[in-house]
Structure formats: structure tokens, C-alpha cells
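Chemist: Give the three-dimensional model of this entry:
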Amino acid sequence: MRSVSRSVSPAAKLAHLEKKHAELDMRLSHLEARPRLPAEEEMERQRLKKLKLATKDEMLAARERL
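Modeler: Predicted structure coming up:
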């Protein structure tokens, strides 16, 4: 995903972050639905969880700026 520049309105940035969060959630749900994951996909699952949490933190900060 491309990064959002600082010239974008807070509302637009929030919308972008919400979409990113939903995409991460969908991918994570697909991985977590499987009973077992190979090592690479387990690492991907952990990475996605961290990225989703970081995105949520960014969303909270963006909401405060509205």
C-alpha cells in the first residue's frame, strides 16, 4: 500500500486507515481459519497482527485530529 501524504485531510487519512485495517483483518481471518499454518504463514500471521494493531493506533490518532 502506498503511504498517505501529510497534505491529505484528516478525514481522508482516517478513511484510508480504516480500509487498510479492514484488508488486514480479512487476510488475518483467512489465515486464522486454517487449523495449521506452515512456518512462513505463521510468521505472516504474526506480522499482520502487529501491523493491524499499529494501524488501529494510527486510526485512533487520526480520529483525535478530526
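
Chemist: any idea how far Ala11 lies from Glu41?
Modeler: 35 Å (Cβ to Cβ, to the nearest Å). Just so you know, the C-beta spots here come from the backbone N, C-alpha and C atoms, and that holds for glycine as well.

Chemist: Give me the contact list for the helix or strand where Arg27 lies.
Modeler: Arg27 belongs to helix 10-32 when elements are defined using DSSP states H and E. Contact with helix 10-32 is made by 1, 4, 8, 37, 41, 44-45, 48-49, 51-52, 55-56, 58-59, 62-63, 65-66, as judged by Cβ atoms under 8 Å, 6 or more residues apart in numbering.

Chemist: And that helix, what's buried?
Modeler: Neighbour counts using 16 or more other Cβ atoms under 10 Å place Lys13, Leu14, His16, Leu17, Lys20, His21, Leu24, Leu28 of helix 10-32 among the buried residues.

Chemist: do the same with stretch 48-57
Modeler: Leu48, Lys52, Thr55.

Chemist: How about stretch 35-47?
Modeler: Using 16+ other Cβ under 10 Å as the test for burial, stretch 35-47 gives Arg45.

Chemist: And the closest residue to Arg34 other than its chain neighbours, how far from Ala33?
Modeler: Of all residues not flanking Arg34 in the chain, Glu41 sits nearest, at 7.8 Å (Cβ to Cβ, 6 or more residues apart in numbering). Relative to Ala33, Glu41 is positioned 12 Å away (Cβ to Cβ).
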